[in-house]
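K.L.:
Okay, predicted coordinates and the sequence, questions at the end:
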Amino acid sequence: MRAGTAMSPPPTPDQLAANLADVRARMAAAARGAGRDPAAITLLAVSKTFSAEAVRALAGCGQRAFAESYAQEALDKLDALGDLALEWHFIGPLQSNKAKLVAPGFALVHSVDRLKIARALDRHRAGLPPLDVCLQVNVSGEASKAGCAPEAVAALAAQVAAECPNLRLRGLMAIPAQGPSPEASRPAFRRLGELLQGLRAGGPDAPWDVLSMGMSGDYEIAIEEGATHVRVGSALFGERADTSPRAPD
């Protein structure tokens, strides 16, 4: 756990089960409304600031894919929950000196926003199967937001593909600017989808099958715009002790 970070109190097991059922039902309805297969969308339960026990409880309700934002806190949970068959995703900002903590144990890193980070992950993934990664895009152009500029995505993708043999490009991730309503996120989600289509048409050879977007407040809109992975935290676990603005949920 990060120094100074308080663990957030989780809901009861019954409430966790009810929350999970509600989120899954709303995801399925949004997918069907958009003419999509609900099974094609992955729910990532964002467990940052919640304890390993809370993760274990939600896993007991059938959730298997979890996402973390802080490297050391994530590793503590991976160690504590090693007896469970869980899939772990890293979605937070990543410094190159933390890449050695993240590279070995995660299924997918969503937040690669510059070549330096990709190189660090690549170096620490040597000798293991390739690490799946997404490029994080600053679709809203916020000065305080991580992510490469939309116009830089193709060049970054080409550099990662050429220089990082231990990484496998999968798709794009974004955290739109906070808006007055879920609908306000739609243009940013649509823009990210267009960028992914561009990479499919003219980017480096890669699956390009992941569109990671949508959080507790707007995941239904994200699904309507093509999200394959939605990152949902507070709608499952409740409000956090850590209330930093517009984190990856």
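P.N.:
Cool, the structure landed.

K.L.:
what about the helices in the protein?
P.N.:
Counting by DSSP state H, the segments of the chain that form helices are 13-33, 52-59, 71-80, 99-102, 115-124, 153-163, 186-202, 219-224, 234-237.

K.L.:
Ranking those by mean neighbour count, which comes first?
P.N.:
For the helices of the chain, the stretch with the most neighbours on average is helix 219-224, a mean of 24; neighbours defined as mean count of other C-beta atoms under 10 Å. Just so you know, the C-beta spots here come from the backbone N, C-alpha and C atoms, and that holds for glycine as well.

K.L.:
Run the chain-centre distance for it.
P.N.:
Relative to its chain's centre, helix 219-224 lies at 15 Å (C-alpha atoms, centre = their mean, to the nearest Å).

K.L.:
Extract the CA atoms of that helix and return them as PDB.
P.N.:
The C-alpha atoms that make up helix 219-224 are tabulated as PDB, following Å, rounded to 0.1, in the frame of the first residue of the first chain:
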ATOM      1  CA  TYR A 219     -19.600   3.500 -18.800                       C
ATOM      2  CA  GLU A 220     -22.900   3.100 -20.600                       C
ATOM      3  CA  ILE A 221     -22.100   5.900 -23.000                       C
ATOM      4  CA  ALA A 222     -18.600   4.400 -23.500                       C
ATOM      5  CA  ILE A 223     -20.200   1.000 -24.400                       C
ATOM      6  CA  GLU A 224     -22.500   2.800 -26.900                       C
END
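
K.L.:
Next, format the helices of the chain as JSON lines and append distance to Gly171.
P.N.:
Compiled in JSON lines, the helices of the chain are given as follows (distance: least, C-beta to C-beta, whole Å):
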{"stretch": "helix 13-33", "distance to Gly171": "18"}
{"stretch": "helix 52-59", "distance to Gly171": "25"}
{"stretch": "helix 71-80", "distance to Gly171": "21"}
{"stretch": "helix 99-102", "distance to Gly171": "18"}
{"stretch": "helix 115-124", "distance to Gly171": "14"}
{"stretch": "helix 153-163", "distance to Gly171": "10"}
{"stretch": "helix 186-202", "distance to Gly171": "6"}
{"stretch": "helix 219-224", "distance to Gly171": "13"}
{"stretch": "helix 234-237", "distance to Gly171": "23"}
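
K.L.:
Now tabulate the ones you listed in a markdown table and tack on mean pLDDT and distance to Trp208.
P.N.:
Shown next, in a markdown table, are the helices of the chain (pLDDT from 0 to 100; distance: least, C-beta to C-beta, whole Å):
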| stretch | mean pLDDT | distance to Trp208 |
| --- | --- | --- |
| helix 13-33 | 97 | 20 |
| helix 52-59 | 96 | 30 |
| helix 71-80 | 96 | 26 |
| helix 99-102 | 96 | 22 |
| helix 115-124 | 98 | 16 |
| helix 153-163 | 98 | 9 |
| helix 186-202 | 97 | 5 |
| helix 219-224 | 98 | 17 |
| helix 234-237 | 96 | 28 |
